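Engineer: Build me a model:
(chains A and B)
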Amino acid sequence: MKTPFISAVRAIVSKDLRAEWRSRELVSAMALFALLSVLVFSFALELDKRAREEAISGVLWVSLIFASLLGFNRSLSLEHDQGSLDALLLAPVSRAAIYVGKLLGNFLFTLLVALVLLPLMTALYGVHLLDSWALLTTVVGVFGFSAIGTLLATLAVQTRSREALLPIALLPVCLPFLLTAVRATKGIVSGAPQSEWQVWLQLLAAITVIYLILCLLLYRFVLEE
Amino acid sequence: MSRRGLIEVQGLSKHFGWRPVLRGLDFLVQRGECVLLLGANGSGKSTLLRLLCGLSRASSGVIRIGGWSLPEEAQAVRAQVGLLAHRPLLYENLTARENLDFFAALYDMPPAERLRRRDDLLGQVGLAGRADGLVRGFSRGMQQRLSLARALLHQPDLLLLDEPYTGLDSAGCAMLDELLAAASKSGCTIIMSTHQLERKPAHANRALILAGGSLVYAGPATGDLAARYRQATASA
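Structural biologist: All right, here's what the predicted structure looks like:
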């Protein structure tokens, strides 16, 4: 007997959303951190319009990646510390379903934080981030680093130095997302022709797909004792 | 399958790094048996239970549950096993009812059966009145009761219990004994670890005693078991 993939994923995602709705400890910590980062940057970078357009995409993605570090670590720590990760592993559910379930939860929480940041940054920096292409870039980028973040957070929570290990492991592998997402967002914000930045968005999507496949293949090895 | 036993263990060893925790265990457990797993702290009881439910990999040896080999056929084994571990394996930010609903979904139980089993078990473990209470507000004993309900939810063929009386008051211990007797009667095989011989289910019929990671006794859970246990733990 094996629980269907979709049923298992749905159960895990709805459990994570319900638990988060009750405690609000993940999203509130992530959002607060991201908001503070954006505010600090807005005071630190008193720039002219052109310089702001150059810097804002970096501010957005660095704030999101650091906020997500908090979220990924906490999300998997909750599973690990309460022993409930063992309960998931005991169920007749494929490891890929556990991975996708946790990934979707982390993705939705980080995306929620991003959706708070975009209008706030538009207001603070006077740069138009509420563009459909900017939103698409945000969704793809957040999904990509949620994919690798979920895998590495699962690995990190099984070690004693998890708080230190996750950033050390995640930040270097996030570089391809950071570079491509920043370039795509910068092109969109500055109103450059689509042909100039579209290639970065396509590259971001391609990296996301490659990382997702790798993580799906590797996740069961990360879970084995 | 019944001729060969529900659980077959041959030459089972487990090392953590260079430190051996289990050393070449061989034993057989028949379907429907209630087996006491005895041993002092650190003798390898919890490690053995984790190996039997597929949460951990053996360093060497063979484990077969219901004819399925671990770890190769772990997926089939998982559907048959229920585990009550040291930690409650519950979600603190969900209610008792939501926890059981979640695990029922993971075991792909049909919706009608989910509701029936969930409500029956919440009543049997004495938590019907707290079904909508968040687990983070539960005492250790109440979490243990809910964990037992979680372990029994999918009607496993094999129930593994790690120090199940921990945190339970006398009424809770009696409730546990009743539930285990009922599970045994319905054909469920039970392996229960403990280091308290005075606290065991009356229907336990076999015992395994571990000392220093080795199996020093495998036989009936009657007669001079207390003396054997004292001897094994003293020499370990």
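Engineer: Look up how far chain A lies from B:F16.
Structural biologist: Using C-beta to the nearest C-beta, to the nearest Å, B:F16 is found at 10 Å from chain A. (C-beta placed from N, C-alpha, C; glycine too.)
Engineer: List the beta-bridge partners for the spatially most central residue of chain B.
Structural biologist: Residue closest to the average C-alpha location in chain B (C-alpha atoms, centre = their mean): B:L160, at 1.5 Å. B:L160 has the following beta-bridge partners by DSSP bridges: B:L83, B:I191.
Engineer: wait, doesn't it sit right on B:L55?
Structural biologist: No - between B:L160 and B:L55 there is no contact under C-beta atoms under 8 Å: 9.9 Å.
Engineer: Now list whatever residues contact both of these two.
Structural biologist: Common contacts of B:L160 and B:L55 (C-beta atoms under 8 Å, 6 or more residues apart in numbering or on different chains): B:L83.
Engineer: For the closest residue to A:N106 other than its chain neighbours, give me the pLDDT.
Structural biologist: With C-beta to C-beta, 6 or more residues apart in numbering or on different chains as the criterion, A:N106 has its nearest non-adjacent residue at 4.6 Å, and that residue is A:S146. On pLDDT, A:S146 comes in at 95.
Engineer: A:S146 - how many residues pack around it?
Structural biologist: 28 (other C-beta atoms under 10 Å in any protein chain shown).
Engineer: separation between A:Q198 and A:L60?
Structural biologist: 19 Å (C-beta to C-beta, to the nearest Å).
Engineer: Let's verify the residue of chain B found nearest chain A: helix, strand, or coil?
Structural biologist: Nearest residue of chain B to chain A (C-beta to the nearest C-beta) works out as B:R87 at 3.3 Å. What DSSP: H, G, I helix; E, B strand; the rest coil gives for B:R87 is coil.
Engineer: Please read off the pLDDT at it from the model.
Structural biologist: B:R87 is assigned a predicted lDDT (pLDDT) of 87.
Engineer: which bits of chain B sit near chain A?
Structural biologist: Contact residues, chain B versus chain A (C-beta under 8 Å from any C-beta of the partner chain): B:50, B:53-57, B:75-76, B:78-79, B:81, B:83, B:85-94, B:98, B:102-103, B:105-108, B:134, B:150.
Engineer: switch to 7 Å and redo it
Structural biologist: Residues of chain B lying near chain A by C-beta under 7 Å from any C-beta of the partner chain: B:53, B:55-57, B:75, B:78-79, B:81, B:83, B:85, B:87-94, B:98, B:102-103, B:105-108.
Engineer: distance between stretch B:6-20 and the chain's centre?
Structural biologist: The chain centre lies 18 Å from the centre of stretch B:6-20; the measure is C-alpha atoms, centre = their mean, to the nearest Å.
Engineer: how about residue 163, what does it touch?
Structural biologist: Answering for chain A, as no chain was given. Counting by C-beta atoms under 7 Å, 6 or more residues apart in numbering or on different chains, A:E163 touches A:N73.
Engineer: sorry, should have said chain B
Structural biologist: For B:E163, the contact set (C-beta under 7 Å, 6+ apart) comprises B:H86, B:S193, B:T194.
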